[in-house]
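Visitor: Below is the sequence, then the predicted model.
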Amino acid sequence: RAMRPPPPPLSPYGTLQGALFQYSTFPSLAAFESCPPTAADALPSKKCILIGGLSDGLLPVPYTKQLETACHERGWSLVQPIISSSYLGFGHGSLERDTKEISALMRYLNAHRSGETFALVGHSTGCQNSVHFLKNGDDDMVERTKSVALQAPVSDREHAMMEPNYKETIVLARKMKEDGKGDDMMPRSAFWAPITAARFLSLQDFGGDDDFFSSDLSDEEMTERLGHVGAWGRGHSGHLLVAYSGADEYVPDHVDRDKLLERMCKAMNRGDDKPRRPVATPLMIETANHNLSEGEGDGAKFVAAVAEQLDAVSVA
């Protein structure tokens, strides 16, 4: 008799209980909300929305359960949306589409699930989503957003530039776009997932729509891309945490991570020379990898910093 295969591991990123609902009918999009056990009768008015990176969906990060616990302890619910770009949908998407859907999610939560105050936690490309939303989201929903945390805001382009076929694929994608074929798919050899020439350029070309966090951007270029964060924070009593991993495997070795983290926060805090408390604050997690899955306590360190920011919202 053949040996039976070993059982699969217990859900590594946690097992959550809550409500599954549809927040958009066209396209059909759903989200999962887990509420504090004490909120049996009334839905919490404060919602923390977790947005993963490329190829992520529900349960996007190893610290999902820890984040849920921290939210619940403070009377917040945790919301995990599926957007059109979740899983492999990002290949034919854009930050603009994502922002419209995040706004639609918030609007639904406000209308039907008691949502009054929002927080965003973005991982990897979810950091681009969060920064883009603060500038381009529906004004009334941006105003309700009081806390944003970026975990692993790294440059897709600088990572891609380490690939041996980078130059030829960029040249091809540019030509496709020039020929009016930006929405056509790149060859399968160009990327690890199906992707259009337009999204490929957004992620991998200099100055692409996703190019927020590259170390080779000048101070002016970085401020142009990130400076609106400070205006949001000062205008709406918002705070943003920038958490960078000291051992992020997607960051090239030549990048000075401490300096880059400092520059990103400075760009976000533009125009606020001597703030009592700056809008954007840095957190370097020295030995952490990209999604905080390896170092013991790395996820907990990030979640604790997020929790501190949520506490500040509750006091405000």
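Guide: Thanks, I have it.
Visitor: going forward, measure contacts and count neighbours with C-alpha atoms only.
Guide: OK.
Visitor: Residues in contact with the host helix or strand of Ala307: which ones?
Guide: If you go by DSSP states H and E, Ala307 is part of helix 298-315. In this structure, residues lying in contact with helix 298-315 by Cα atoms under 8 Å, 6 or more residues apart in numbering are 62-63, 66-67, 70-71, 74, 119, 146-147, 149, 151, 238-239, 241, 243, 285, 288, 292-293.
Visitor: Can you flag which of these belong to strands?
Guide: Counted as lying in strands by DSSP state E, out of the contacts of helix 298-315, are Ala119, Lys146, Ser147, Ala149, Gln151, His239, Leu241, Ala243, Ile285.
Visitor: which residues of this structure fall in helices?
Guide: 64-73, 95-112, 125-136, 139-144, 156-160, 166-178, 197-204, 219-226, 228-236, 257-268, 298-315 (DSSP state H).
Visitor: Which strands or helices does the second one pack on?
Guide: Right, the one you point to is helix 95-112. strand 19-25, helix 125-136, helix 139-144 (3 or more Cα pairs under 8 Å, 6 or more residues apart in numbering; DSSP states H and E).
Visitor: Just the buried positions in the first one, please.
Guide: Think strand 19-25. Residues of strand 19-25 classed as buried by neighbour count (16 or more other Cα atoms under 10 Å): Tyr23.
Visitor: List the neighbouring strands of that strand plus their orientation.
Guide: strand 28-34 (antiparallel) (DSSP bridges).
Visitor: do you know which of the helices of the chain lies nearest Ala19?
Guide: Evaluated with Cα to Cα, the helices of the chain place helix 95-112 nearest to Ala19, the distance being 12.1 Å.
Visitor: Can you show me the CA trace of the closest one as PDB?
Guide: Below are the C-alpha coordinates for helix 95-112, written out as PDB (Å, rounded to 0.1, in the frame of the first residue of the first chain):
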ATOM      1  CA  LEU A  95      -2.900  51.800  -9.100                       C
ATOM      2  CA  GLU A  96      -5.800  54.000 -10.400                       C
ATOM      3  CA  ARG A  97      -8.100  51.000 -10.600                       C
ATOM      4  CA  ASP A  98      -7.000  49.800  -7.100                       C
ATOM      5  CA  THR A  99      -7.700  53.200  -5.600                       C
ATOM      6  CA  LYS A 100     -11.200  53.400  -7.100                       C
ATOM      7  CA  GLU A 101     -11.900  49.900  -5.600                       C
ATOM      8  CA  ILE A 102     -10.500  50.800  -2.100                       C
ATOM      9  CA  SER A 103     -12.700  53.900  -2.200                       C
ATOM     10  CA  ALA A 104     -15.700  51.800  -3.100                       C
ATOM     11  CA  LEU A 105     -14.900  49.400  -0.200                       C
ATOM     12  CA  MET A 106     -14.700  52.300   2.300                       C
ATOM     13  CA  ARG A 107     -18.000  53.700   0.900                       C
ATOM     14  CA  TYR A 108     -19.700  50.400   1.400                       C
ATOM     15  CA  LEU A 109     -18.300  50.000   4.900                       C
ATOM     16  CA  ASN A 110     -19.500  53.500   5.700                       C
ATOM     17  CA  ALA A 111     -23.000  52.900   4.300                       C
ATOM     18  CA  HIS A 112     -23.700  49.300   5.500                       C
END
